[in-house]
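A.B. asks: need a 3D model of the sequence below.
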Amino acid sequence: MPYDPGMSRWIALIALALTACATETRYEEAPGQDDAELMQAATDAWSTVGVATPADYAIVFLGLEQLQAECEDASPGIVGCAVPTAGAVLLLAGEAPEVQAQALIHEVGHLIKGTRHLDHGRLPHLDCGQGDVMCAYGAPVGTFPTVRDAAFVRAR
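C.D. replies: Next up, the predicted model:
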């Protein structure tokens, strides 16, 4: 089934509106959404450095304004964020699949690390400049996690 960013956006908005009154935010994938290829890309990437990925998490596609609001990040270049406490990754709808896959690799790193070692309430990142996917600014499309990324997400 071809991806329809407009329909996914509306379904995601409805799902978020329904959960807004709950005490804990839950993110739900759109009905019929098939993210198997994206999830497999993240699993394959992390497996190159011996890191297992979570078996169960949701991917929710949002428009830019809603993604910025949900991620509490007004950056115009934001492509995604992780919500480890909800087991969800929020991604920008309408991006090329390879961009979404690269963002997912980074965000799954946050799910693996969880909420341990929060940096002033924000999820931590590696310092940039060494080609790591867990750099705050992500990594170029096609970059796989490094040994340094693996040590970072496994750190307790």
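A.B. asks: OK, contacts around residue 145?
C.D. replies: Residue 145 makes contacts with 45, 46, 48, 49, 51, 105, 109, 132, 133, 134, as judged by Cβ atoms under 8 Å, 6 or more residues apart in numbering. From N, CA and C alone the C-beta is placed, and that goes for glycine too.
A.B. asks: state the distance from it to residue 98.
C.D. replies: In this view, residue 145 and residue 98 are 16 Å apart by Cβ to Cβ, to the nearest Å.
A.B. asks: and for residue 106?
C.D. replies: Noted for residue 106: a distance of 13 Å to residue 98, by Cβ to Cβ.
A.B. asks: which one of these two has more residues nearby?
C.D. replies: Using other Cβ atoms under 10 Å, the more surrounded residue of residue 106 and residue 98 is residue 106, with 27 against 11.
A.B. asks: doesn't the more buried one fall inside a strand?
C.D. replies: No. Applying DSSP: H, G, I helix; E, B strand; the rest coil, one finds residue 106 to be helix, outside a strand.
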